[in-house]
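> Okay, sequence plus prediction incoming.
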Amino acid sequence: MTAPTSVYPPAVAAMVDDFTAWAAELGTAPSRNATMKRFRIGDEKAKALLATLAAPAPDERLTTGPAPQQQPEPTGPDLEPEITPEPITVEPSPLTAVDVAPEPKITAAPVERPAAAPIPVAAPPLTVTASAPVPAVLPAARRKPQIRTWPILVVGLGAFIAIWAGWVELGRLTGFGVVHPLPGIWDSFKIDTAITLPLGMDAYAAFALKVWFTPGISARARKFARWSTIVSLLVGMCGQVAYHLMEAQAITTAPWQITTAVSCLPVIVLGLASGLVHLVRADDEQAEQ
């Protein structure tokens with residue numbers, strides 16, 4: 001008899017007959033290590049095979065010397081060794097877990113209970129205490145666009161020269177000229193009254209225009225400034241047109257209609273400027289009250 005040559009060790013039940021025959025050839029129960037080496041099995045299967053024999057196998061680890069060989073008992077044709085078969089133990093195979101969906105849990109739905117009526121509680125009396133004023137948070141100032149204003153100086157200089165010359169020459173054509181305002185006091189002091197026209201008319205137009213576009217002015221003062229600005233600019237344009245037409249026609253004396261209108265301009269400008277100033281001051285006094 002030869003040991004199994006399979007790579008994978010066979011089951012215990014398949015090796016019982018071979019193990020029994022091998023033990024009969026030896027005449028005694030083989031050791032556990034010899035069984036493992038012969039059948040190429042593990043410790044557990046070797047113990048299971050040894051359990052099939054009647055006598056337990058000696059443990060080699062407790063044996064100090066070679067085991068005494070027992071003489072085989074004489075057997076005859078009628079005398080055969082009785083071998084009591086032992087129950088074959090089979091190693092249980094590991095259980096494999098199977099995914100099973102858990103049973104759904106049934107929960108009772110919450111029961112809505114009616115809300116209890118609120119218990120009226122008397123509010124404590126309010127106590128007002130003086131506290132420091134909270135500073136108001138001002139919005140961040142918007143950055144104004146940077147606009148260069150120097151070009152207006154060039155434009156204003158050109159307009160000033162043309163308007164000044166036109167009004168002065170028109171005044172001379174209408175009777176304005178050199179006068180002595182302080183006779184008997186300062187006889188050498190003299191002044192050309194023709195310069196009063198550009199000083200009064202165009203200066204008032206600029207002042208009224210500023211009041212018109214100034215924020216915070218009342219509607220009454222703004223309306224007066226608007227209309228007086230428009231009228232002043234129109235009168236100024238008419239005076240420049242009249243002078244240039246008479247200069248082009250070589251007229252040395254203005255007609256009486258133009259002379260009358262030009263001579264009234266200083267008085268009219270004085271009245272308009274005084275009225276506008278009073279309206280602005282009345283608004284300031286009313287705002288202070």
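Sure thing, it's come through. Numbering: from 1, shown residues only.

> tell me what the strand or helix carrying His278 is packed against?
Following DSSP states H and E, one finds His278 within helix 256-288. Counting contacts by 3 or more Cβ pairs under 8 Å, 6 or more residues apart in numbering; DSSP states H and E, helix 256-288 packs against helix 150-173, helix 196-212, helix 219-248. For the C-beta atoms, the positions are set from N, CA and C on the backbone; glycine is no exception.

> Report the buried residues of that helix.
Of the residues in helix 256-288, 258-259, 261-262, 265-266, 268-269, 272-273, 276, 279-280, 283 count as buried by neighbour count, 16 or more other Cβ atoms under 10 Å.

> thinking again about what came up before, of the helices and strands packed on helix 256-288, which stretch is the most buried?
Ranked by mean neighbour count under mean count of other Cβ atoms under 10 Å, those are led by helix 196-212, which reaches a mean of 18.

> Could you check the angle that helix makes with helix 150-173?
Using axes from the mean of the first three to the mean of the last three Cα atoms, to 10 degrees, the direction of helix 196-212 lies 140 degrees away from that of helix 150-173.

> out of the helices and strands packed on helix 256-288, which comes closest to Pro181?
Comparing those against Pro181 with Cβ to Cβ, the closest turns out to be helix 196-212 (11.5 Å).

> relative to helix 219-248, how tilted is the closest one?
Using the same axes, to 10 degrees: helix 196-212 against helix 219-248 is 150 degrees.

> Please name the residues that touch the residue nearest to Gly275 when sequence neighbours are not counted.
With Cβ to Cβ, 6 or more residues apart in numbering as the criterion, Gly275 has its nearest non-adjacent residue at 6.9 Å, and that residue is Phe224. Phe224 makes contact with Gly275, Leu276, Leu279, according to Cβ atoms under 8 Å, 6 or more residues apart in numbering.

> next one: Pro215
Contacts of Pro215 (Cβ under 8 Å, 6+ apart): none.

> can you confirm it is in a strand?
No. Read with DSSP: H, G, I helix; E, B strand; the rest coil, Pro215 is coil and lies in no strand.

> Could I get the pLDDT score of it?
Turning to Pro215, the model gives it a pLDDT of 88.

> repeat for the one 3 residues further on
According to the model's per-residue confidence, Ser218 sits at a pLDDT of 87.

> now swap in Leu245 and tell me
Reported pLDDT for Leu245: 91.

> what does the one 3 residues further on give?
At Ala248, the model reports a pLDDT of 89.

> and if you look at the one 10 residues further on?
Looking at Ile258, its pLDDT stands at 89.

> got a list of what it touches?
Ile258 sits next to Leu170, Leu173, Thr174, Ala242 when contact means Cβ under 8 Å, 6+ apart.

> The residues you listed into CSV, with extra columns for distance to Trp186?
Listed next are these as CSV, based on distance: Cβ to Cβ, whole Å:
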residue, distance to Trp186
Leu170, 28
Leu173, 28
Thr174, 26
Ala242, 34
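
> I'd like the residues you listed written out as a markdown table, with pLDDT added.
Shown next, in a markdown table, are the contacts of Ile258 (pLDDT from 0 to 100):
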| residue | pLDDT |
| --- | --- |
| Leu170 | 87 |
| Leu173 | 87 |
| Thr174 | 88 |
| Ala242 | 89 |
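
> From Leu272, how far off is the residue nearest to Ala205 when sequence neighbours are not counted?
Leaving aside its sequence neighbours, Ala205 sits nearest to Ser232 (Cβ to Cβ, 6+ apart; 3.8 Å). Taking Cβ to Cβ, to the nearest Å as the measure, Ser232 falls 7 Å from Leu272.
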